[in-house]
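*Asks:* Just to be clear, the model below is a prediction. Sequence and coordinates:
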Amino acid sequence: MFPSQATPSPSGAPGAARQATDDPQPPGAPRRPLRVAIIGGGPGGLYTAALLKRLAPDRQVTLWERDAPDDTFGFGVVLSDETLGGIQDADSHVHEELRRHFVRWDDIDIVHRNTRHTSTGHAFAALGRRRLLEILHARCHALGVDLRFRAAAPDPVRLARTHDLVVAADGAGSATREAFAEVFRPRITPHRCRYIWLAADFAFDAFRFEIAETEHGVMQLHGYPYSRPSPDHHPSTGPSGPRNQGASTVIVEMRQEVWQAAGFDEMDETESAGRCAKIFADVLGGRPLRTGNSAWTTFRTVVNERWSHGNIVLLGDAAHTAHFSIGSGTKLAVEDALALAAGLREQPSLEAALAAYETERRPVVASTQRAARASLEWFEDLPLHLGRPPRQFAFDLLTRSRRVTHENLRLRDARFTEAVERGFGCPPGTPPMFTPFRLRGLTLRNRVVVSPMDMYSAVDGVPGDFHLVHLGSRALGGAGLVMTEMVCVSPQGRITPGCAGLYTGRQAEAWRRITDFAHAQAPGTAIGVQLGHSGRKGSTKLMWEGMDEPLDDGNWPLVAASPLPYRPGGQVPRELSRAQLTDIREQFAAAAVRAARAGFDLLELHCAHGYLLSGFLSPLTNRRTDAYGGSPEKRLRFPLEVFDAVRAVWPQDRPMTVRVSATDWAQGGITAEDAVAVARAFAAHGADAIDVSTGQVVADEKPEFGRSYQTPFADRIRNQAGIPVIAVGAISSWDDVNSLLLAGRTDLCALGRPHLYDPHWTLHAAAEQGYEGPGAVWPAPYRAGSRPPPTGRTDAPKPRLTLS
């Protein structure tokens, strides 16, 4: 709690002149209880009110809720053990009441094309939303909170003047947030599915996912119990109401176009519930569905740049939303309340308390929103996943948010996970990442790729000792395929003066030294070369001297599809003429011949990241009006001509891959759907796999970073274009690799930074998983280190613990 003092706040902010006055007080200071106004009587607002009043009974806490006490939307609420633990620590009375009413279960049932797979060990807890509100109402009344139902809250500016703290818990459509939109700066993103909350008057025995493939499109049902049958219920007597049979939440969701095609846009709630009950009659056992203040809606992700303004603070859905498919809305609101109460108790001022609240909660919420976004998009793209075998489909669904992983699921349900592994083709005891994969005449002993990473350490394009050690150590490190950096096809095609090349015989000889070492010292590890041309992104400084910055002197002229600089004020490239296109095509072919003689096992054509060939593919960088610009087919023409020229001279038994940027992360640029068409075109010309990256095409891109954030693009290409893919981008753990492979989202995983941190990343992954087999072969001199060392001395001094 904080002393009596003027509360610091931004100039002109609401409540700037008010004083926060809770115990303890400086000696002799006047004492006045903190006055708190809470807008919104959902679980987040009610729990905040109860916590703040319990921690300081003399606080004046008033809550306004425009609806009646028993009005609510939705039916069941799911809370995690972590959230329940926080509630227990903060208010054991509320926790005990929740515990008495919780329904607990472990299983998830996934039904796909009439095949049900069950995974156990998931530990869910749920109760009815109305019951939750009743518990919180009772607790607030017992503590002396002033609850005002059927009453709109006064204007937040007025509340801010008359109260020390205003908590806006008024939901995803928060009027408080909108009143100060210029301060909170919300970003609200609507998504592509429609959904409706319904209820069934019986209790599912598991969390249920049911897929219906209708004439109008794919629909999905999410169902879970929130009330169990009464002890006196006798099924033989027939149904006798919700109290006897329990109850379940049922959410039906589908894409907007499916919703319209099925005619739901012309139905009221009751008609919609009846139609949904018919569509999902099997899982419902022919029982009806009921509504409750629910209507079809579109989920919107809410993100705010700020959560507080003066003495007004956002909480729960007003501050952030996360898709219901990871069951997080009420959970996040309750955890917000816990953090806000802790901040008010522990910090010396209101400003510090609100800053601490936001500092603590932001990273947690951001992580949850990333997981929710991944889950939401998985369901939006559900038709892409339906072609998987039923058990793999179930694994894909369970791991969709990237929070549940292969290793996590193995610990929860070893039997289910082992069945998925067998379906994938894993021999007993072999993790998915250590199964072989064949590309044309090349068999990779495992699924790990050392991603191409520019080293900028060549002299006159010649790789030297650094490259020998760099690539050689990673070949010894056990990856199935080690890729070079982008190797340039001409001096003018370099990114920097330090880029390696394959435009001279001397360079080819230097590369031969490296491939010979890899093949001799790391037999079974393949080594691949990536060929490319910088285009408009060339003639720049070494990365550590100024990434994408032009050279101070010694610049060379740039060429590109169109005369557009990469960055404002940068060098303007010349638009390539027909004759120059022919020359560059021949440079690629000549480099490919040298690469074959240098002993490379695989060749990748770099058509990503805004370099020359990528610049032809994107409409943002290709403004040509001739045969090489305009339509997608015309923009593909030159990259495909280069591919054909390289494929013609590259040995037929050796594979070729193509790296693409599957989105430009910019309006008007390449989209995920465009990338599928690009992949199909290269596959039709003989590409053996697509290496799926994203972005770096335009300087003003807005990428959506996150764990494994590019893998959905690889998944889409793999399953729509029907060609093997290499996933890349923020894949950092062997658990992620196993998860992506088992789910059918990729065939190979390329890792860059993890291999910079640990050249023997793959072998260490094998050791950590207890794997010894043909997929991870330790070099003979290193075999003594093939088991992890002890974690530390047993007699080492133990750190001192500070208990808070």
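*Replies:* In hand now; what should we look at?
*Asks:* Quick check: which helices or strands does the biggest strand by length in the chain pack against?
*Replies:* Secondary structure of the chain per DSSP state E: the longest strand is strand 186-200. On a contact count with 3 or more Cβ pairs under 8 Å, 6 or more residues apart in numbering; DSSP states H and E, strand 186-200 meets strand 247-255, helix 256-261, helix 269-279, strand 297-304, helix 350-380. From N, CA and C alone the C-beta is placed, and that goes for glycine too.
*Asks:* could the ones you listed be laid out in a markdown table, adding distance to Ala458, mean pLDDT and mean neighbour count?
*Replies:* Formatted as a markdown table, the helices and strands packed on strand 186-200 follow (distance: least, Cβ to Cβ, whole Å; pLDDT from 0 to 100; neighbours: other Cβ atoms under 10 Å):
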| stretch | distance to Ala458 | mean pLDDT | mean neighbour count |
| --- | --- | --- | --- |
| strand 247-255 | 50 | 96 | 25 |
| helix 256-261 | 52 | 98 | 16 |
| helix 269-279 | 62 | 96 | 17 |
| strand 297-304 | 43 | 96 | 17 |
| helix 350-380 | 38 | 96 | 20 |
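*Asks:* Where do the strands of the stretch 551-700 of the chain begin and end?
*Replies:* 559-560, 574-575, 602-607, 656-661, 689-693 (DSSP state E, counting those that start in this stretch).
*Asks:* ok so, going back, would you mark the buried spots in the longest strand of the chain?
*Replies:* Residues 186, 191, 193-200 are the ones in strand 186-200 that count as buried (16 or more other Cβ atoms under 10 Å).
*Asks:* List just the nearest of the residues you listed to Arg624.
*Replies:* Distance to Arg624 across the buried residues of strand 186-200 (Cβ to Cβ) is lowest for His191, with 35.4 Å.
*Asks:* Find the residue closest to the closest one in space, skipping its chain neighbours.
*Replies:* Phe299 (5.1 Å; Cβ to Cβ, 6 or more residues apart in numbering).
*Asks:* separation between the one you found and Arg716?
*Replies:* 21 Å (Cβ to Cβ, to the nearest Å).
*Asks:* what helix or strand is Gly343 on?
*Replies:* Following DSSP states H and E, one finds Gly343 within helix 329-346.
*Asks:* buried residues in stretch 512-522?
*Replies:* Those buried within stretch 512-522 under the rule 16+ other Cβ under 10 Å are 513-515, 517-519, 522.
*Asks:* swap that for stretch 568-582, please
*Replies:* Those would be 570-571, 573, 575-576, 581, for stretch 568-582 by 16+ other Cβ under 10 Å.
*Asks:* in whatever helix or strand Asn719 lives in, what counts as buried?
*Replies:* Assigned by DSSP H and E, Asn719 belongs to helix 711-721. Neighbour counts over helix 711-721 (16+ other Cβ under 10 Å) mark 711-721 as buried.
*Asks:* now these in TSV, with distance to Leu133?
*Replies:* Output for the buried residues of helix 711-721, formatted as TSV (distance: Cβ to Cβ, whole Å):
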residue	distance to Leu133
Thr711	40
Pro712	37
Phe713	42
Ala714	44
Asp715	40
Arg716	41
Ile717	46
Arg718	45
Asn719	43
Gln720	45
Ala721	49
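*Asks:* which one of these is nearest Arg177?
*Replies:* Pro712 (29.7 Å).
*Asks:* Quick check: the gap between the nearest residue to the closest one once chain neighbours are set aside and Ser119.
*Replies:* Residue nearest to Pro712 in three dimensions, not counting chain neighbours: Glu377, with 6.4 Å by Cβ to Cβ, 6+ apart. Per Cβ to Cβ, Glu377 is found 22 Å from Ser119.
*Asks:* Ala352 too?
*Replies:* 45 Å.
*Asks:* Equivalent analysis for Ala560, please.
*Replies:* 51 Å.
*Asks:* now do Gly505
*Replies:* 58 Å.
*Asks:* can I get the buried residues of strand 186-200 in JSON lines with pLDDT and distance to Ser631?
*Replies:* As requested, the buried residues of strand 186-200 are arranged in JSON lines below (pLDDT from 0 to 100; distance: Cβ to Cβ, whole Å):
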{"residue": "Pro186", "pLDDT": "98", "distance to Ser631": "38"}
{"residue": "His191", "pLDDT": "96", "distance to Ser631": "30"}
{"residue": "Cys193", "pLDDT": "97", "distance to Ser631": "31"}
{"residue": "Arg194", "pLDDT": "97", "distance to Ser631": "33"}
{"residue": "Tyr195", "pLDDT": "97", "distance to Ser631": "37"}
{"residue": "Ile196", "pLDDT": "96", "distance to Ser631": "41"}
{"residue": "Trp197", "pLDDT": "94", "distance to Ser631": "44"}
{"residue": "Leu198", "pLDDT": "96", "distance to Ser631": "46"}
{"residue": "Ala199", "pLDDT": "95", "distance to Ser631": "51"}
{"residue": "Ala200", "pLDDT": "96", "distance to Ser631": "51"}
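*Asks:* which pair in those spans the largest distance?
*Replies:* Among those, Pro186 and Ala200 lie farthest apart (Cβ to Cβ), at 35.0 Å.
*Asks:* Neighbours of Gly668, how many?
*Replies:* Using other Cβ atoms under 10 Å, Gly668 is surrounded by 10 other residues.
*Asks:* Over to it: give its phi and psi.
*Replies:* Dihedral angles of Gly668 (phi, psi; degrees, to the nearest 10) stand at phi 90, psi 0.
*Asks:* Spit out the contact partners of it.
*Replies:* 619-620 (Cβ atoms under 8 Å, 6 or more residues apart in numbering).
*Asks:* ditto for Trp296
*Replies:* 194-196, 259, 264-265, 272.
*Asks:* The same query, at a cut-off of 6 Å, please.
*Replies:* Taking Cβ atoms under 6 Å, 6 or more residues apart in numbering, we find Trp296 in contact with 194, 196.
*Asks:* any idea how far Cys276 is from it?
*Replies:* For Trp296, the distance to Cys276 - Cβ to Cβ - is 10 Å.
*Asks:* For the nearest residue to Ala50 once chain neighbours are set aside, I want the exact helix or strand it lies within.
*Replies:* Nearest residue to Ala50, sequence neighbours excluded (Cβ to Cβ, 6+ apart): Arg139, at 4.7 Å. Using DSSP H and E, Arg139 sits within helix 129-143.
*Asks:* From the chain's centroid, how far away is the helix or strand that comes right after that helix?
*Replies:* Next helix or strand after helix 129-143 toward the C-terminus (DSSP H and E): strand 146-149. Averaging C-alpha positions (Cα atoms, centre = their mean, to the nearest Å) puts strand 146-149 40 Å from its chain's average.
*Asks:* ok, now stretch 152-160?
*Replies:* 37 Å.
*Asks:* Can you verify my assumption that Asp166 contacts Val157?
*Replies:* Actually, residue 166 is Val. It isn't Asp. No - Val166 is beyond contact range of Val157, at 9.5 Å (criterion: Cβ atoms under 6 Å).
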